[in-house]
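Undergrad: got a sequence here, can you model it:
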Amino acid sequence: MQKKIQSAPTIVYPESDGKPMAETDVHRKLMMDSISILENHFKYQNDVYVSGNLLMYYEKGDPRKSISPDVFVVFGVEKKLRNTYLTWAEANTPDFVLEVASPSTFQKDIGEKKELYASVLRVNEYYIYDPLGQIATSFIGYRLIDGVYQEIEFVNNRLPSVVLGLELGERDGELRLYNPNISQWLQTPSEQAEDAEARAENAEERAQQEANARQNAEERAQQEIIARQNAEAELANALAEIERLRAER
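TA: Numbering: from 1, shown residues only. Below you'll find the predicted structure:
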């Protein structure tokens, strides 16, 4: 009896690991804000991909070999929407990773993940931040040098990121990104929209004030014209009276 030829089983790389996106609203907000800020900062560079909480597979043929960085940036790959990130199908692995830590994740962040990012994915810069300050070392960054992570030194209370050209630091108790080239903290798109709305309201208010000032100036000018006309009429009447009195003599 002739055996049937069967096709090789298709390997499925799931798009979810069933784990929640973040432990708390604070963690979730920090992740979303960081992704939004970075997406906005690199929006005009088509070869910079910003994402987070996306399953990344790093060994072809083994769906168990995956990790989901909270925030990551990859240079030299197409900016497009992805269901998963397959490292062997892309031109590069992440250049920047930020993990938003908590007491329950810190040991994995500082141990297993750190080793994976350094030795397998070759992530140039890796940062760990605890937004609730529950960990003794709540903010730390590493840079890959000769295949080994070296701790990044703080400069002006911020950690400089060479790959991003930005600095990570706390502003009003929250982790934010600072652009040293323009000496400004980067805003989220919603903050930019709020500022734009505030500027528009201020511009409208200034325009209204200028319009009121012009109207007041026009009213004053009209009053001056009327006052001058009245003065000229009074002068004409006075001169006429003088002429009349002279004629009676």
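Undergrad: all contacts plus neighbour counts: C-alpha atoms, from now on.
TA: Fine.
Undergrad: distance from the chain centre to the helix ranked longest in the chain, please.
TA: Looking across the chain with DSSP state H, the single longest helix is helix 189-248. Distance of helix 189-248 from the chain centroid (Cα atoms, centre = their mean, to the nearest Å) equals 47 Å.
Undergrad: contacting residues for the residue nearest the centre of the chain?
TA: For the chain, the residue nearest the mean C-alpha position is residue 37 (1.8 Å; Cα atoms, centre = their mean). By Cα atoms under 8 Å, 6 or more residues apart in numbering, the residues touching residue 37 are 177, 186, 187, 188, 189.
Undergrad: is it part of a helix or strand, or is it coil?
TA: helix (DSSP: H, G, I helix; E, B strand; the rest coil).
Undergrad: I'd like to know which of the contacts of residue 37 are buried.
TA: Neighbour counting over these (16 or more other Cα atoms under 10 Å) leaves 177, 186, 187, 188 as the buried ones.
Undergrad: could I get those in JSON lines, plus columns for distance to residue 132?
TA: Shown next, in JSON lines, are the buried ones among the contacts of residue 37 (distance: Cα to Cα, whole Å):
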{"residue": "177", "distance to residue 132": "18"}
{"residue": "186", "distance to residue 132": "21"}
{"residue": "187", "distance to residue 132": "21"}
{"residue": "188", "distance to residue 132": "20"}
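Undergrad: so which of these comes closest to residue 84?
TA: Lowest distance from residue 84 to these (Cα to Cα) belongs to residue 188, with 24.8 Å.
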